[in-house]
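Participant: build me a model:
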Amino acid sequence: MPVQNSVPFYRPDIGAAEIDEVVAAIRSGWLTTGPRTKRFEQEFAAAVGASHAVAVNSCTAALHLGVLALGLKSGQGVLVPSLTFAATAEVVRYEGGIPILIDSDPATLAMDLQHAEHTIDRLQSGRTVARLPAGLAVVGMIPVHVGGLMMNVDDIKLFAARRGLWVVEDAAHAFPAAWRSSSEHAWQRCGQGTAAVSCFSFYANKTITTGEGGMAVTEDAGLAARMRLLSLHGLSHDAWGRYSANGSWDYRILTHGYKYNLTDIAAAIGVHQLTQAETMRRTRECIAEEYCERLGGLDEIELPVRDSNRIHSWHLFPIRLRLGQLTINRDQFIQELNAAGIACSVHWRPLHLHPYYEETFGWTVNDLPSASQEWLRLVSLPLFSAMSSEEIDGVVNAVTMVCRRARHQPLATIR
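Facilitator: Okay, the predicted model is just below:
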């Protein structure tokens, strides 16, 4: 029986405080980057334990500023997981760099550092990797904390140090999240010195939102200053500095730059979302735990990896289908859920299976076998802090119904 009411993939959790702050921003007459953006930067830096934060209009902008500030040049290579959103690799292409696609760890779906090691070894020995240029210099890496489950930061740092790489962390899914190497060690928040630059997203479906928005955080004052300069046309003074009471109208163009600044209207939402971040994360965690408990008996699906040494942000709840136990494929499974009123998504089609990366660099299914196989089994279920108990029931009932209906039946015993 289909659920009575449709369940969206996400719904922003916006309250009266955010609405009132947006109205106050509009009434103040200061709509673009100004006092609320500065406040959001300061409070976000404190929330993650970072020394510096630069607010921008998307995580894509933050990632781009990060690789720019670290000196990425045309023709240089950067390690990027194939199982990620377009932006992780796009920012490398913006500067003429070459994304070196890395396979997925089969358990966590994050970047497989062993495959990264193997790929660099092949490049350095002159052996073929897709159609990458001979002698390609590898200068950096952009790991992704898939779904909000952090990778082992120590492993990333050791790998990067051994290979002489800078690290820009794609933490679009990972606020608020934390990790520790074992139960005897202290927690480290994502962005608390976990990379040279850590980049967060406040897109509408993220754990906190500004509608559109992002943040780059760092411990390096020089990197922060460089990213801030590049985020607004390379101008010596931003609008807040030029037009506020004690500002000066004059400015200098110090370098080429971009239009990446965050508005005060967006920051007005963000400052209040930030105060509720841990409460909303805990709500997501409770929903994820309920999903795991109620769907755990279905042999047709695998549940997301959980780790006692991780504080998971639960941006996503990706299940993986055991296709050998089903009579339908992933796309048909999603169609069945959609017909039952449940919106779903897939995170993601790997980059090497997109025409641009196939045609430009020659990546094939065989180059990245884990990502190639796992994405065919992936389904992201709805998970957001504003979910009602009825919506949770609807998702659980629909998944259970589809699994039972599409379950492979054992062959009858022949007598």
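
Participant: give the contact list for the residue nearest the centre of the chain.
Facilitator: The chain has Ala172 as the residue nearest its centroid, 3.0 Å off, counting by C-alpha atoms, centre = their mean. Counting by C-beta atoms under 8 Å, 6 or more residues apart in numbering, Ala172 makes contact with 59, 85, 87, 144, 199-201, 203, 206, 214. To be clear about C-beta, it is placed using only N, CA and C from the backbone, and glycine gets the same treatment.

Participant: and for Phe40?
Facilitator: So Phe40 contacts 55, 210, 262, 267, 270-271, 274 (C-beta under 8 Å, 6+ apart).

Participant: tell me the confidence at it?
Facilitator: Note on Phe40: pLDDT of 98.

Participant: in the one helix or strand it maps to, what counts as buried?
Facilitator: Under the criterion DSSP states H and E, the helix or strand holding Phe40 is helix 35-48. Using 16 or more other C-beta atoms under 10 Å as the test for burial, helix 35-48 gives 36-37, 39-41, 44-45, 47-48.

Participant: please apply the same query to stretch 333-341.
Facilitator: Neighbour-count burial for stretch 333-341 [16+ other C-beta under 10 Å]: 333-334, 336-337, 340-341.

Participant: of the residues you listed, closest to Cys403?
Facilitator: Phe333 (8.6 Å; C-beta to C-beta).

Participant: helix, strand or coil for the closest one?
Facilitator: helix (DSSP: H, G, I helix; E, B strand; the rest coil).

Participant: tell me who's in contact with it.
Facilitator: Listed by C-beta under 8 Å, 6+ apart, the contact set of Phe333 reads 321, 326, 379, 402, 406.

Participant: strands along the chain, start to end?
Facilitator: 52-56, 77-81, 98-102, 138-141, 166-170, 178-179, 188-189, 197-201, 214-218, 301-302, 310-311, 317-321, 378-381 (DSSP state E).

Participant: okay, the buried residues of stretch 333-341 in TSV with distance to Pro106 and pLDDT next?
Facilitator: As requested, the buried residues of stretch 333-341 are exported to TSV (distance: C-beta to C-beta, whole Å; pLDDT from 0 to 100):
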residue	distance to Pro106	pLDDT
Phe333	20	98
Ile334	22	98
Glu336	26	98
Leu337	24	98
Ala340	29	97
Gly341	32	97
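
Participant: for the residues you listed, work out which two are farthest apart.
Facilitator: Farthest pair in the buried residues of stretch 333-341 (C-beta to C-beta) is Phe333 and Gly341. Separation: 14.8 Å.

Participant: report pLDDT for the closest residue to Glu169 other than its chain neighbours.
Facilitator: Closest residue to Glu169 apart from its sequence neighbours, by C-beta to C-beta, 6 or more residues apart in numbering: Ala195 at 3.5 Å. Reported pLDDT at Ala195 in the predicted model: 98.

Participant: any idea which helix or strand of the chain has the worst average confidence?
Facilitator: helix 239-243 (a mean of 53; mean pLDDT, DSSP states H and E).
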